[in-house]
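A.B. asks: What shape does this take:
(one chain, ligands or ions: 1)
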Amino acid sequence: MWMRRWGKLSSWPPCPVAALSTLITLLIGAGIVAAFLTESRRQALNASQHELAAISRSAGGVTQRALATLDLVVTIAAEEFRQGHIRLDEVFPWLHAYASSDKQLRALDDAILITPDGRTAQATSGAAIGVDLSDRDYVRHHQEHPGTRMFIGRPVNARTHPKGWVVPLSWPLRGPDGVLAGIFGVAVEWKLYADIFSGLLLRPDQRLILIDKAGNVYARDAMHWPDRTLPPERPLWLDEWLARPSPHSVTSSFVVAASAVPGTDLQVVAAHRIDDILQDWWHQACGAAGAVGVVALGAGLLSWWRQRQSMALRQALRAAEAARVEAERSELAKGQFLASMSHEIRTPMTGVLGMTELLANEPLTSRQQEVLRAIRSSGQHLLHIINDILDFSRLEAGEVPLEQVDFSLVKLLEDVRALMLPQATERGLVLTIDLDEYSPPVVRGDPTRLQQVLINLIGNGLKFTSHGGVRVFVRCGATQGGIVPFRFEVRDTGIGIPEENRRNLFQAFTQADQTITRRFGGTGLGLAISQRLVTAMGGEIGVTSQPGKGSTFFFEIRLPIGSILIPSKSSRVPSSLSLRPLRILVADDVALNRDLLQVSLEQNGHRVLLAENGEQAVALVSQDSFDVVLMDVQMPVMDGVEATRRIRMLPPPARRLPIVALTANVMEAEQQRCLAAGMNRVLTKPIDWDRLFDTLAAVTEAAAATSEPANPVAASEPRQLAALLDRQRIDRLRKTAGPTKLEQFLTDAMTSARALAAEVERLQDDPEAVVQPAHRLAGTAPSFGLLRIGILARAIEQAATDGQKLDEMIAQLQQAVRDTQAELAAAEVTGKRTI
Ligand code: ADP
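C.D. replies: Residues are numbered from 1 along each chain as shown. Reported below is the predicted structural model:
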């Protein structure tokens with residue numbers, strides 16, 4: 001894998017960025033190094049020139065001192081002769097005596113006295129006498145220039161001297177009359193200077209050379225004058241230097257400095273080859289160039305490596321992006337497939353289920369009923385799965401926009417409880433809901449989706465719990481900028497979830513434990529749907545659990561506070577039932593509440609009387625006749641519960657008067673207390689007008705059914721009966737719980753209705769025993785929109801309590817169950833449920 005990748009990468013074309021960065025580094029480095037080297041070269045040459053100038057000055061000084069001593073001694077001798085203190089022939093011995101006393105005067109050992117016409121007269125080295133030297137330049141010079149003192153001749157191969165090459169120094173000897181009496185000459189072996197010059201040089205490759213004005217070479221340092229029997233070699237650079245105007249300068253290959261020998265035409269020239277001077281510099285330059293090269297190469301390599309890395313990264317990113325797009329595409333395709341398949345399967349499935357329900361109403365053998373139950377249960381399970389998939393697909397595709405409406409949290413929780421209570425009761429479990437007392441009455445959000453999440457979580461809690469029950473806690477934090485943070489907790493006392501199974505719990509199609517699927521069924525979509533809904537609401541969902549002890553599913557969302565009066569278009573329109581004008585007694589201690597109820601009810605055609613407490617309410621009920629009482633619970637003087645008890649002790653018809661509690665308390669215990677005192681229904685504040693009118697319709701219908709036993713609603717007069725179904729309620733239920741749950745609720749409600757109706761029928765000869773199943777049926781059926789069943793069950797309950805005849809009403813109830821079943825099935829069979 002790695003090799004493959006490397007192979008791919010190494011086959012890339014040479015990276016232009018790397019080359020460019022190498023070039024740039026190279027140029028910058030070379031620029032800096034060149035500037036540095038130029039300066040250091042200039043400094044090296046300058047230093048050398050100063051050194052050479054110092055050397056040439058010392059050499060000039062040494063030469064001048066040697067000549068000056070010689071000149072001084074000879075001049076003294078010449079003066080002695082001129083003044084007649086010594087004779088001409090005594091000059092020689094006189095000087096000879098000096099020569100032995102001073103090393104610098106050893107040249108006098110090779111002295112010669114020449115006559116004015118140029119012939120040797122005396123010589124110290126045993127040279128021949130009488131030799132004609134009149135052609136020598138110094139002889140001619142003294143003959144022609146009487147004013148000259150010491151004359152330095154050009155080096156010659158001395159005819160009179162055994163040493164060969166010498167430089168002749170000569171002085172005129174003039175008598176007292178100033179006439180030239182002779183020439184005194186010495187042959188100086190300049191090679192003596194070779195060693196002196198060598199001693200002055202600081203480096204072996206430096207050079208010193210003594211020349212005259214005309215450029216004749218007199219002496220050189222020993223190193224560069226190896227054979228001193230020959231005249232010193234004239235170096236090539238000398239001519240180039242002599243052609244230059246400045247005495248200190250640099251030729252093409254040498255640095256040169258010169259100093260004149262004072263009192264003579266001679267000068268000492270010091271030189272140093274540039275290549276030798278710059279030897280160290282060259283090392284430096286090579287080192288620097290190498291360093292620049294290495295740095296540039298390093299920079300190039302680095303940028304090539306980084307380029308390679310970033311290309312590899314880009315390739316990986318491209319691959320990841322392609323994979324993501326592909327995954328999204330396949331996810332979308334999967335979602336679309338699931339959605340369309342689910343839809344396609346759902347249509348025939350509803351048909352199958354509808355037919356099953358119809359079949360259930362036919363006379364069947366017990367074996368056939370068993371088979372039918374199995375078909376129904378499998379069908380419902382399948383439909384449940386399909387509906388979950390549809391819902392999930394829509395959520396995934398973002399096709400579920402969230403609503404933003406004001407709603408009462410109290411009412412929402414009540415509805416949830418009413419929906420889930422039958423399931424809990426059936427399993428012998430408790431279901432309680434505890435809302436924070438500081439919760440705002442109205443909040444803004446999507447009540448339908450919030451309810452869906454709660455139903456999912458509570459449903460799971462009930463499903464996985466066999467003892468105890470499910471408790472829902474709703475807590476809110478401090479309001480900030482009109483927004484309240486809520487935490488919803490659904491705690492159960494069920495099987496719990498081991499830690500390793502909790503991780504993927506909110507992923508689609510995930511079951512905590514496969515064995516659970518077999519035991520409890522389920523699609524594994526409920527939590528995934530809940531999670532997506534909570535996330536869409538801007539919240540978070542989570543779970544804590546202790547296996548064997550129970551689980552707590554929680555979610556936190558933030559909801560803005562809504563406006564206190566929930567607008568409802570139905571507040572001025574009576575519910576779907578045609579609600580006849582009623583005489584209503586409103587008992588409430590808060591004037592504002594009384595006004596609100598009075599106005600709203602009167603606007604809908606009812607007559608309203610008002611009581612400020614329970615006592616007034618009891619008094620009014622005993623004096624006047626009403627269709628219904630709307631009773632506040634908390635009131636001064638006498639509360640609603642006590643007032644209800646008293647009303648129920650009044651003689652008929654007042655004792656049968658429907659009483660609906662209106663309370664701000666959502667607690668289950670409070671509601672039970674109201675019902676136990678004899679109230680027919682409990683509604684919570686703030687008032688949900690739809691619900692209030694529904695309730696008024698339900699309780700007054702039921703009262704009418706029981707108060708007119710002489711004229712019971714006959715099967716032949718179905719129009720006088722309440723509608724079979726409360727379509728508005730069923731619609732709300734569909735929105736709240738979704739189509740899947742609705743199907744399940746309706747099926748469960750019908751199963752329960754059938755069972756309870758059968759129970760009522762079985763117990764009809766024992767009115768006391770009938771009260772309990774009738775009460776249960778009257779309590780659950782209306783919650784699921786089974787309106788007629790609910791009303792008849794309530795009537796039976798009332799009649800049984802009053803000890804009235806029941807058989808007629810029970811027959812009506814059985815008929816209502818069948819009719820309702822048929823109507824539901826018909827709606828399903830078409831596949832276009834209109835309820
Ligand atoms: P399903 O529709 O199958 O119940 P969910 O997504 O609602 O799917 O739940 C997924 C799994 O999470 C369940 O099958 C179960 O294993 C586990 N689970 C969910 N809620 C609970 C609970 N309250 N107690 C124990 N296990 C639970």
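
A.B. asks: So which bits of whichever strand or helix holds residue 622 are buried?
C.D. replies: Using DSSP states H and E, the element containing residue 622 is helix 614-623. Residues 614, 615, 616, 617, 618, 620, 621 are the ones in helix 614-623 that count as buried (16 or more other Cβ atoms under 10 Å). Every C-beta, even on glycine, is put in place using the N, C-alpha and C of the backbone.

A.B. asks: can you pull the contacts of the residue in the stretch 551-700 of the chain that the ligand sits nearest to?
C.D. replies: The stretch 551-700 of the chain approaches the ligand most closely through residue 551 (4.3 Å), counting by Cβ to the nearest ligand atom. Listed by Cβ atoms under 8 Å, 6 or more residues apart in numbering, the contact set of residue 551 reads 461, 464, 491, 492, 494, 496, 497, 543, 544, 545.

A.B. asks: Among the residues you listed, which ones lie close to the ligand?
C.D. replies: The residues of those that also fall near the ligand, by Cβ under 6 Å from any ligand atom, are 461, 464, 492, 494, 497.

A.B. asks: of those, closest to the ligand?
C.D. replies: Nearest to the ligand among those is residue 464, at 3.5 Å by Cβ to the nearest ligand atom.

A.B. asks: And the pLDDT for that closest one?
C.D. replies: Residue 464 carries a pLDDT value of 93.

A.B. asks: what's near enough to touch the residue of the stretch 51-200 of the chain found nearest the ligand?
C.D. replies: For the stretch 51-200 of the chain and the ligand, the shortest gap (Cβ to the nearest ligand atom) falls at residue 51, measuring 96.4 Å. With contacts defined as Cβ under 8 Å, 6+ apart, residue 51 is in contact with 202, 206, 272.

A.B. asks: Quick check: bridge partners of the second one?
C.D. replies: Beta-bridge partners for residue 206, by DSSP bridges, are residue 272.

A.B. asks: give me the number of residues near the residue of the stretch 651-800 of the chain found nearest the ligand?
C.D. replies: The minimum distance from the stretch 651-800 of the chain to the ligand, using Cβ to the nearest ligand atom, falls at residue 740 (9.9 Å). Counted with other Cβ atoms under 10 Å, residues neighbouring residue 740 total 24.

A.B. asks: for whichever strand or helix holds it, which positions count as buried?
C.D. replies: Using DSSP H and E, the element containing residue 740 is helix 727-762. For helix 727-762, the neighbour count (16+ other Cβ under 10 Å) marks 729-730, 732-750, 752-754, 756-757, 759-761 as buried.

A.B. asks: what do you get for stretch 814-823?
C.D. replies: Counting neighbours by 16+ other Cβ under 10 Å, stretch 814-823 gives 814, 815, 816, 817, 819, 820, 821 as buried.

A.B. asks: Need the residues you listed in a markdown table (columns: secondary structure).
C.D. replies: Formatted as a markdown table, the buried residues of stretch 814-823 follow (DSSP: H, G, I helix; E, B strand; the rest coil):
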| residue | secondary structure |
| --- | --- |
| 814 | helix |
| 815 | helix |
| 816 | helix |
| 817 | helix |
| 819 | helix |
| 820 | helix |
| 821 | helix |
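
A.B. asks: Just the buried ones among the contacts of residue 51, please.
C.D. replies: Taking 16+ other Cβ under 10 Å as the criterion, what is buried in the contacts of residue 51 is 206, 272.

A.B. asks: of the contacts of residue 51, closest to the ligand?
C.D. replies: residue 272 (96.6 Å).

A.B. asks: Which residues are in contact with the closest one?
C.D. replies: Per Cβ under 8 Å, 6+ apart, neighbours of residue 272: 48, 51, 52, 203, 205, 206, 207, 254, 255.

A.B. asks: tally of neighbours for the fourth one?
C.D. replies: Just to be clear, that refers to residue 203. Residue 203: 12 neighbours (other Cβ under 10 Å).

A.B. asks: List the residues that contact it.
C.D. replies: Residue 203 neighbours (Cβ under 8 Å, 6+ apart): 272, 276.

A.B. asks: in what helix or strand does it lie?
C.D. replies: Here residue 203 is assigned to no helix or strand, by DSSP H and E.

A.B. asks: Nearest to the ligand: which residue in the stretch 251-400 of the chain?
C.D. replies: For the stretch 251-400 of the chain, Cβ to the nearest ligand atom, closest residue to the ligand: residue 388, 6.6 Å.

A.B. asks: tell me the secondary structure for that residue?
C.D. replies: helix.

A.B. asks: any idea how far residue 737 is from it?
C.D. replies: Separation of residue 388 from residue 737 (Cβ to Cβ, to the nearest Å): 12 Å.

A.B. asks: In the stretch 101-250 of the chain, what residue comes closest to the ligand?
C.D. replies: Using Cβ to the nearest ligand atom, residue 250 is the residue of the stretch 101-250 of the chain that sits closest to the ligand, at 95.1 Å.

A.B. asks: how many other residues sit next to that residue?
C.D. replies: 17.

A.B. asks: out of the ones next to the ligand among the contacts of residue 551, what pair is the most spread apart?
C.D. replies: Using Cβ to Cβ, these span at most 11.6 Å, a distance reached by 461 and 497.

A.B. asks: which one of these two has more residues nearby?
C.D. replies: Here residue 461 and residue 497 are compared on neighbour count by other Cβ under 10 Å; more neighbours surround residue 461, at 27 against 21.

A.B. asks: Next secondary structure element downstream of the helix or strand hosting that one?
C.D. replies: Assessed by DSSP H and E, residue 461 sits inside helix 447-463. Once the chain leaves helix 447-463, the next helix or strand it forms, by DSSP H and E, is strand 469-476.

A.B. asks: could you say what helices and strands that following strand packs with?
C.D. replies: helix 409-426, strand 430-435, helix 447-463, strand 483-492 (3 or more Cβ pairs under 8 Å, 6 or more residues apart in numbering; DSSP states H and E).

A.B. asks: Kindly reformat these as JSON lines and extend each row with distance to residue 653.
C.D. replies: Output for these, formatted as JSON lines (distance: least, Cβ to Cβ, whole Å):
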{"stretch": "helix 409-426", "distance to residue 653": "29"}
{"stretch": "strand 430-435", "distance to residue 653": "36"}
{"stretch": "helix 447-463", "distance to residue 653": "39"}
{"stretch": "strand 483-492", "distance to residue 653": "44"}
